[in-house]
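**Q** coordinates only, sequence not included:
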């Protein structure tokens, strides 16, 4: 009798300790990182890296490792920036490409998400389309530019078609990979609670597959941006306007390496900005929701 009471007390103490530990985890406070620490840890390193690149670049120019027309100085590239700004064309170059890229990516998102769910949940569809999606993802997007030009002509429809063909397979495959990684116990628990059909997809499948889905979205954006640049470089027309890809091609045609470097820097800057402004916050939100990111 005494041993039973002792065991009961021990169990009660263990339960109380477990509850206290869970309460402590729930009560974790997310303290805002001081501005100075953010500057030191997140802003200063990339600034230093860019400064080092500029220093090395200038040293190579001064050392005359190659002809001047092949390697312009940073000041010459900056001159291209100021000239484009003074002419009012700099923001136009950026907006033409960014607007196309974002709209094409949103269209790819609207198509790739239901396609990925269909492939991941229906075995027959997966057997028929799964290998095709993987093959399309491996196919270089630039291969779609010539047929898109022939089919659709030199207009924005061709641009969006190339973006979709490059991004949709990545988004769909990312969602398929995320669904495949869901523990079967989660799906069974959802069905037990009545989350079936569209309700189960919305409340169980998509939240559980979110990490893999987000990885597919990031890759889909990368393919969208690359596809767009390839299309703008190859297919140029006055009706299409001048985007960053056309700017790069104009630099090649006029043998202006400073213009080429300007286009490359702008393309790289847009890619980094989209990642920092859209995908990095989404990634932190997903990690924080799973208790994997307490302080950022």
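**A** The structure has been received and is ready for your questions. This structure is a prediction, so every number in the text was calculated from the model and none was measured. Residues are numbered from 1 along each chain as shown.

**Q** which element follows the one helix or strand residue 215 maps to toward the C-terminus?
**A** Element membership of residue 215, judged by DSSP states H and E, is helix 210-234. The helix or strand immediately downstream of helix 210-234 is helix 244-253, counting by DSSP H and E.

**Q** low-confidence ranges, this protein, go.
**A** 1-33, 35, 38-40, 187, 190, 193-201, 291-296 (pLDDT under 70).

**Q** how about 50 then?
**A** Scanning the chain for pLDDT under 50 picks out 1-4, 6-9, 11, 18, 20, 22, 24-25, 27-28, 30, 296.

**Q** and the longest helix for it?
**A** Longest helix in the chain, counting residues (DSSP state H): helix 90-121.

**Q** in that one, what's buried?
**A** By neighbour count on 16 or more other C-beta atoms under 10 Å, the buried set for helix 90-121 is 90, 93-94, 96-98, 100-102, 104-105, 107-109, 112-113, 115-117, 119-120. To be clear about C-beta, it is placed using only N, CA and C from the backbone, and glycine gets the same treatment.

**Q** with stretch 272-290 instead?
**A** 274, 279, 283, 286.

**Q** tell me, how many residues neighbour the nearest residue to residue 57 once chain neighbours are set aside?
**A** Among residues not flanking residue 57 along the chain, residue 74 sits closest, at 5.7 Å (C-beta to C-beta, 6 or more residues apart in numbering). Neighbourhood size, residue 74 [other C-beta atoms under 10 Å]: 15.

**Q** quick check: residue 74 vs residue 52, distance?
**A** 13 Å (C-beta to C-beta, to the nearest Å).

**Q** show me the contacts for the residue nearest to residue 97 when sequence neighbours are not counted.
**A** Nearest residue to residue 97 in three dimensions, chain neighbours excluded: residue 243, at 3.8 Å (C-beta to C-beta, 6+ apart). By C-beta atoms under 8 Å, 6 or more residues apart in numbering, the contact list for residue 243 reads 93, 96, 97, 100, 228, 232.

**Q** separation between the first one and residue 269?
**A** Pointing back at residue 93 there. 12 Å.

**Q** ok so, going back, from the middle of its chain, how far away would the longest helix of the chain be?
**A** 11 Å (C-alpha atoms, centre = their mean, to the nearest Å).

**Q** C-terminal to it, what's the next element?
**A** Later in the chain than helix 90-121, the nearest helix or strand by DSSP H and E is helix 123-138.

**Q** phi, psi of the residue nearest to residue 97?
**A** phi -100, psi -170 (degrees, to the nearest 10).

**Q** now do residue 140
**A** Torsion angles, degrees, to the nearest 10, at residue 140: phi -60, psi 130.

**Q** residue 67 too?
**A** The phi/psi pair for residue 67 (degrees, to the nearest 10) is phi -60, psi 150.

**Q** neighbours around it, how many?
**A** Quick note: residue 67 (other C-beta under 10 Å) scores 8 neighbours.

**Q** what comes up buried for the helix or strand hosting residue 259?
**A** Assessed by DSSP H and E, residue 259 sits inside helix 257-274. With burial defined by 16+ other C-beta under 10 Å, the residues of helix 257-274 counted as buried are 257, 258, 259, 260, 261, 262, 263, 266, 267, 270, 271, 274.

**Q** now the next helix or strand after it, how far from the chain's geometric center?
**A** With elements assigned by DSSP H and E, the helix or strand that comes after helix 257-274 is helix 280-289. Distance of helix 280-289 from its chain centroid, counting by C-alpha atoms, centre = their mean, is 13 Å.

**Q** what's the answer for stretch 126-145, then?
**A** 19 Å.

**Q** what sits up against it?
**A** Residues contacting stretch 126-145 (C-beta under 8 Å, 6+ apart): 115, 119-120, 158, 161-162, 165-166, 168-170, 172-173, 176, 223, 226-227, 230-231, 234-235.
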